[in-house]
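[1] let's see this in three dimensions:
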Amino acid sequence: QVQLVESGGGLVQAGGSLRLSCAASGEIFSINRMGWYRQAPGKQRELVATITAGGNTNYGDSVKDRFTISRDNAKNTVFLQMNNLKPEDTAVYYCAARSFMRTDGMDYWGKGTLVTVSS
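    Residues are numbered from 1 along each chain as shown. The predicted model follows:
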């Protein structure tokens, strides 16, 4: 099992920045891809960004060029730097992780951290 704990959410004005962190513990040796998803009220959960243990990244179309995902393998932590935030970025942001044995989907989820962007 793997446990994921997010931090760094909060309230920010449009155009501002926030940095989310997700610390992984447990059977972390089994984890390849880690990343972030978000869910806004009344909407489906969507991809924000993910990164593999080797550093390969992918981003959701709505956050490209504004958000940057990074990973510190030594500290088992993944970060999401969010710049130029927009009100439509308001959502609960979830950290997620996938084991090496899977090619899609995510195996583990954090409880989420709320990001609110005011206009």
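
[2] center of this structure, which residue is that?
    Centroid check for the chain by Cα atoms, centre = their mean gives residue 36 as the closest residue, at 2.1 Å.

[3] that one against residue 22, yeah?
    Yes - counting by Cβ atoms under 8 Å, residue 36 touches residue 22, with 7.4 Å between them. Where you see a C-beta, it was placed from the backbone N, CA and C, and this is true even at glycine.

[4] pretty sure the residue nearest to the centre of the chain sits in a strand.
    Yes - Residue 36 forms part of a strand when assessed by DSSP: H, G, I helix; E, B strand; the rest coil.

[5] which residue packs closest to residue 105, ignoring adjacent ones?
    Distance criterion Cβ to Cβ, 6 or more residues apart in numbering; nearest residue to residue 105, sequence neighbours excluded, is residue 98 at 6.9 Å.

[6] any buried residues in the helix or strand encompassing the one you found, and which?
    Taking DSSP states H and E as the criterion, residue 98 maps to strand 91-99. Of the residues in strand 91-99, 91-98 count as buried by neighbour count, 16 or more other Cβ atoms under 10 Å.

[7] pick the one among those residues closest to residue 29.
    residue 97 (11.9 Å; Cβ to Cβ).

[8] residues in contact with the closest one?
    2, 4, 24, 31, 33-35, 106-108 (Cβ atoms under 8 Å, 6 or more residues apart in numbering).

[9] so how far is residue 31 from residue 107?
    8 Å (Cβ to Cβ, to the nearest Å).

[10] between these two, what contacts are shared?
    Common neighbours of residue 107 and residue 31 (criterion: Cβ under 8 Å, 6+ apart): 2, 97-99.

[11] rebuild these as CSV, extending it with distance to residue 61 and pLDDT.
    Below are these laid out as CSV (distance: Cβ to Cβ, whole Å; pLDDT from 0 to 100):
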residue, distance to residue 61, pLDDT
2, 28, 94
97, 22, 97
98, 21, 95
99, 26, 91
